[in-house]
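Enquirer: kindly return the folded structure for what I paste below:
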Amino acid sequence: MKVVGLMSGTSADGVDAALVSIVRTATRVEVEMGAFYSLPYPRSLQQRVLSASVSGTVADLCHLNALLGEWFANAALGVIRAAQLTTEEVDLIGSHGQTVHHLPNGIKDMGVGAIRSTLQIAEPAVIAERTGITTVANFRPRDMAAGGQGAPLTPGTHALLFQHARRGRLIVNLGGISNVTYLPRGTGADGPIAFDTGPANMVLDGIMFRSTNGRVTMDRDGRLATKGRVDSRLLAKLLAHPYLSQAPPKSTGREMFGEGMQAELLSWPQASKLSVEDLLATCTRWTAEAIGAARRWIKGGIDDVIVGGGGVKNRAIMEHLKDVFAPVPVTTFEVQGWDSKALESVAFAILAYQTVMEQCGNVPAVTGAAAPRLLGCIVPSGPGWYERLRSSRRRK
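Expert: Numbering: from 1, shown residues only. Model (predicted):
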């Protein structure tokens, strides 16, 4: 099948779209990259999404759900054009949507225990309507309904693409939040271990936004952070954050490390006297140390650390990671033949494929779910959609 994967992360800076070819052989599933396309949000839209995740009204969320559906549909059409294909030649779309709230630990309510919840917007019906392609979305809620955290959902993709017969590998994704997947050597009888480790670009972007009154939203390539010095007192306070010592399964997001936490951080005496460069240097070190601390829950050797996500371009984070993990080599997804920015959207293409192939997409040992589950909701392209998928598979 030819499948489009759509992804927008916690930084809410735009939609990444990957088009892949997925072929099932007798022994494995093979994935080949076809094209990648990124559709950035205008800064005003990014701020509307971030504000909605904290204080949005029902009307805000209702409107943004439909608006982002249009944005995701345009990203899908963009990557199809980039691949020089027509919509009729694409079989399926998998859309993660835009997370606006994530409550993985649950809230006790109405005497029915801890209610776990998550909300991703970008209406899949709009995507299916604009593209004419069957769309799978809302992957996280089914895992949460089964007692899981709904995240991370990428470990299966990491195992498919990066598992090595003789090397234990730690796969690191540097998005708004950082997460890791540990892949044991060989087939890994115990399976992958994966969880969110804490903040990455989210806090760094927040510092830049606040320090420039909204004029600058990121420290491009970590240029300012590389000029600063790590403040040991502030770093010690950051490393004492309770999330870092919480055992997996665990996932987090803007609710814990977003605007509220960032405002609190900047009000601390240890932070208020520092330059922007020193603040950024300290927080990039915090990101790297939090990832390094993940080793306490990993059984087995780490022979490679392979890093992707938007934060891979931040030279300060990468240098700190090399220092934290030395002498283990730290490389990037590109060294393995994959675009760092594309891989999460590739993952949701694969998850959509698994759903229509009736294969479970979650890893219960990772998310904490009771058992493997089929993930997502399917919005058909129209009558006969499933037969068209079947005939497409036979033809290709």
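
Enquirer: for residue 95, give me phi and psi.
Expert: Main-chain torsions, residue 95, degrees, to the nearest 10: phi -120, psi 120.

Enquirer: actually, residue 88.
Expert: phi -70, psi -20.

Enquirer: again, but for residue 110
Expert: Dihedral angles for residue 110 - degrees, to the nearest 10 - are phi 60, psi 30.

Enquirer: report how many residues lie close to it.
Expert: Counted with other CB atoms under 10 Å, residues neighbouring residue 110 total 6. For every residue, glycine as well, the C-beta is placed using N, CA and C.

Enquirer: what's the pLDDT at it?
Expert: Here the pLDDT value assigned to residue 110 is 84.

Enquirer: one more: the one 4 residues further on?
Expert: The predicted local distance difference test score for residue 114 is 86.

Enquirer: and for it, nearest residue in space, chain neighbours not counted?
Expert: Excluding its sequence neighbours, the residue lying closest to residue 114 (CB to CB, 6 or more residues apart in numbering) is residue 106, at 2.9 Å.

Enquirer: so who does that neighbour touch?
Expert: Residues in contact with residue 106 (CB atoms under 8 Å, 6 or more residues apart in numbering) are 113-117.

Enquirer: my read: residue 381 touches residue 136, true?
Expert: No - between residue 381 and residue 136 there is no contact under CB atoms under 8 Å: 11.4 Å.

Enquirer: this protein: strands as residue ranges?
Expert: Using DSSP state E, the strands found in the chain span residues 2-8, 14-24, 29-40, 92-108, 114-121, 135-137, 169-174, 177-183, 193-199, 304-308, 330-332, 377-379.

Enquirer: what residues of the fourth one count as buried?
Expert: Buried residues in strand 92-108, counting neighbours by 16 or more other CB atoms under 10 Å, are found at 92-104.

Enquirer: which one of the residues you listed is nearest residue 67?
Expert: residue 98 (10.2 Å; CB to CB).

Enquirer: okay, and the beta partners of that closest one?
Expert: residue 8, residue 121 (DSSP bridges).

Enquirer: still on that earlier bit, the buried residues of strand 92-108: which two are farthest apart?
Expert: Checking the buried residues of strand 92-108 with CB to CB, the most distant pair is 92 and 103, at 29.4 Å.

Enquirer: quick revisit: Serialize the buried residues of strand 92-108 to JSON lines and add fields for pLDDT and distance to residue 196.
Expert: Converted to JSON lines, those look like this (pLDDT from 0 to 100; distance: CB to CB, whole Å):
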{"residue": "92", "pLDDT": "98", "distance to residue 196": "28"}
{"residue": "93", "pLDDT": "98", "distance to residue 196": "26"}
{"residue": "94", "pLDDT": "98", "distance to residue 196": "21"}
{"residue": "95", "pLDDT": "98", "distance to residue 196": "21"}
{"residue": "96", "pLDDT": "98", "distance to residue 196": "15"}
{"residue": "97", "pLDDT": "98", "distance to residue 196": "18"}
{"residue": "98", "pLDDT": "97", "distance to residue 196": "17"}
{"residue": "99", "pLDDT": "95", "distance to residue 196": "12"}
{"residue": "100", "pLDDT": "95", "distance to residue 196": "17"}
{"residue": "101", "pLDDT": "93", "distance to residue 196": "15"}
{"residue": "102", "pLDDT": "93", "distance to residue 196": "10"}
{"residue": "103", "pLDDT": "93", "distance to residue 196": "14"}
{"residue": "104", "pLDDT": "92", "distance to residue 196": "9"}
